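Engineer: no sequence for this one, just the structure:
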Ligand SMILES: Cc1cc2nc3c(=O)[nH]c(=O)nc-3n(C[C@H](O)[C@H](O)[C@H](O)COP(=O)(O)O)c2cc1C
């Protein structure tokens, strides 16, 4: 069975107003206005290390005092945000502002920042200004931190809460650096610490706390973990359906059955993560897990238009379900759009370089000499990159993104009665 993604509520602004009064938040100015302070293009472009904007004072959320259960509040908030079901996953060096903006343009309803290191974030202004940028249109936004000290995490979270919709805790990073730093998925070995991190934020922030987890090898462990997080004050849970040892996403399929079991054991909104390569996967995942939405990471890097039903050649449909046609869009065009966002919202060149390789990987396989030229540039410029795209095109190369031809499907359906 296929299901449609949950439709957006027609009255999101009204819901937001109701929610503000439920949560006793100031009615004016709305949080998004505060973004102006952070991300006027002038500040973005200057590259100066300016003093940071002072967050406005907010009335803290009274978690237990409004007659609504925590889960009801979590749902009211999620609804007020418009139930954003198609979400850009957190990606170090890759889910930065220009990439988020590109994905939003092509259908993403919400996005996570890359993981930010809470201690460095509190200590180092250069890190803050380079690694966390946002703008008014960059909402709903989940700002993700890794942490292992509740006080430091809270200090970091306080700095971003006026500019985001959730503060997220990374409980899923399986990399060696996370083992050394004792964060991410390695906190699965110290659940009392995880609980204290979540409680600290939930009791002291006025935006809700979300967590992104991996599953344990044993389902029962995963379920009690999820219940613990909910009890500690987590308002939204993203579940990556792979274990800490299943690092290679191409080798290990995410376990949607485990995600479904988590969804059924907690009362807060749950997002599913893993195996989302095109919109059919989105539909299948929502139907199979019952989750509120999905996160996509690796596939979005190659195809930021995934959430508007574009697919790379790898996922072209040629079966009884239909066929695919040229979508009149390609990765080079998406790269140019991405670069324009980068000109508007500057980010470190290492991030741009990474996206160029991901977006043009297929193109470089046909013309490896152009990849070598790119690799030989110790300093990149926008002119070089725009010219590189022109050169690829002038060689007659075009690798389209495809869209599933629904009309073929309809014709088949009607001809079979
Ligand atoms: C380049 C890259 C960077 C990532 N960085 C983060 C991160 O900062 N925080 C996090 O929670 N997960 C991170 N992940 C994991 C993804 O968010 C996601 O959980 C994982 O890739 C599975 O989703 P997928 O199957 O759609 O790729 C990263 C993944 C990639 C590919």
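Structural biologist: Yep, it's here. Source: prediction; values computed, not measured.
Engineer: Which helix or strand contains the one residue in the stretch 301-417 of the chain that gets nearest to the ligand?
Structural biologist: Residue nearest to the ligand within the stretch 301-417 of the chain (CB to the nearest ligand atom): residue 301, separated by 6.6 Å. For every residue, glycine as well, the C-beta is placed using N, CA and C. Residue 301 is located in helix 298-302, with elements delineated by DSSP states H and E.
Engineer: May I have the secondary structure class of residue 220?
Structural biologist: Residue 220 falls in the helix class when you classify it by DSSP: H, G, I helix; E, B strand; the rest coil.
Engineer: ok, back up a step: ok, the residue of the stretch 301-417 of the chain closest to the ligand touching residue 94?
Structural biologist: Yes - counting by CB atoms under 8 Å, residue 301 sits close enough to residue 94 to count as a contact (6.1 Å).
Engineer: does residue 324 count as helix, strand or coil?
Structural biologist: Put simply, residue 324 is strand when judged by three-state DSSP.
Engineer: Surely it and residue 311 touch.
Structural biologist: Yes - Residue 324 lies in contact with residue 311 (CB under 8 Å); the separation is 6.7 Å.
Engineer: With neighbour numbers in mind, choose between these two.
Structural biologist: More crowded of residue 324 and residue 311, by other CB atoms under 10 Å: residue 311, with 23 against 20.
Engineer: what residues does this protein put near the ligand?
Structural biologist: 89-92, 94, 114-115, 144, 170, 172-173, 212, 240, 249, 273-276, 296-299 (CB under 6 Å from any ligand atom).
Engineer: quick one: the lengthiest helix in the chain to chain centroid distance?
Structural biologist: Longest helix in the chain by number of residues, with DSSP state H as the criterion: helix 349-366. Computed by CA atoms, centre = their mean, to the nearest Å, the chain-centroid distance of helix 349-366 equals 20 Å.
Engineer: try stretch 296-314
Structural biologist: Mean-position distance between stretch 296-314 and its chain equals 14 Å (CA atoms, centre = their mean).
Engineer: Show me what that stretch is in contact with.
Structural biologist: With contact meaning CB atoms under 8 Å, 6 or more residues apart in numbering, stretch 296-314 is reached by 86-91, 94, 99, 102-103, 106-109, 249, 273, 276-279, 282, 317, 324, 327, 329, 331, 334, 338, 355, 358-359, 361-362, 399-404.
Engineer: Out of those residues, which sit inside strands?
Structural biologist: Judged by DSSP state E, the contacts of stretch 296-314 include 86, 87, 88, 273, 324, 327, 329, 400, 401, 402, 403, 404 as members of strands.
Engineer: Tell me what the residue nearest to the fifth one when sequence neighbours are not counted is bridged to.
Structural biologist: In this structure, residue 324 finds its nearest non-sequential neighbour in residue 402, 3.9 Å apart by CB to CB, 6 or more residues apart in numbering. Here residue 402 sits in beta bridges with residue 311, residue 326, going by DSSP bridges.
Engineer: Tell me which residues touch residue 402, please.
Structural biologist: 310, 311, 312, 313, 315, 316, 317, 324, 325, 326, 327.
Engineer: Excluding sequence neighbours, find me the nearest residue to the last one.
Structural biologist: Read it as residue 327. residue 403 (4.1 Å).
Engineer: So what's the gap between the particular helix or strand that has residue 143 in it and the chain middle?
Structural biologist: According to DSSP H and E, residue 143 maps onto strand 141-146. Taking the mean of its C-alpha atoms, strand 141-146 sits 9 Å from the chain's own mean (CA atoms, centre = their mean).
Engineer: Direction-wise, compare the next helix or strand after it with strand 141-146 and give the angle.
Structural biologist: Using DSSP H and E, the helix or strand that follows strand 141-146 towards the C-terminus is helix 150-160. Per axes from the mean of the first three to the mean of the last three CA atoms, to 10 degrees, the angle that helix 150-160 makes with strand 141-146 is 150 degrees.
Engineer: Between residue 324 and residue 311, which contacts overlap?
Structural biologist: 317, 402, 403, 404.
Engineer: Identify the farthest-apart pair in those.
Structural biologist: The most widely separated members of the shared contacts of residue 324 and residue 311, counting by CB to CB, are 317 and 403 (9.6 Å).
Engineer: between the two, what contacts are shared?
Structural biologist: Joint contacts of residue 317 and residue 403 (CB under 8 Å, 6+ apart) are 311, 324.
Engineer: that older thread, pretty sure the residue nearest to residue 327 contacts residue 316?
Structural biologist: No - counting by CB under 8 Å, residue 316 is not a contact partner of residue 403; they are 9.9 Å apart.
Engineer: In the longest helix of the chain, which residues are buried?
Structural biologist: Within helix 349-366, the residues that count as buried by 16 or more other CB atoms under 10 Å are 351, 352, 353, 354, 355, 356, 358, 359, 360, 363, 364.
Engineer: From what I see, the third one and residue 380 are in contact.
Structural biologist: Yes - contact criterion CB under 8 Å: residue 353 and residue 380 qualify, at 6.4 Å.
Engineer: Show me just the buried residues among the contacts of stretch 296-314.
Structural biologist: 86-91, 94, 99, 102-103, 106, 108-109, 249, 273, 276-279, 282, 317, 324, 327, 329, 331, 334, 338, 355, 358-359, 400-404.
Engineer: circling back to that earlier point, neighbours of the residue of the stretch 301-417 of the chain closest to the ligand, just the number please.
Structural biologist: Close neighbours of residue 301, defined as other CB under 10 Å, add up to 22.
Engineer: Use 17 as the first number for this chain going forward.
Structural biologist: New numbering, starting at 17: the last item is residue 317.
Engineer: Compute the distance between it and residue 267, please.
Structural biologist: 18 Å (CB to CB, to the nearest Å).
Engineer: quick one on the thing from earlier: identify the contacts common to residue 419 and residue 332.
Structural biologist: What both residue 419 and residue 332 touch, as defined by CB under 8 Å, 6+ apart, is the set residue 340.
Engineer: Look at residue 310 and give its secondary structure.
Structural biologist: Residue 310 - assigned by three-state DSSP - is strand.
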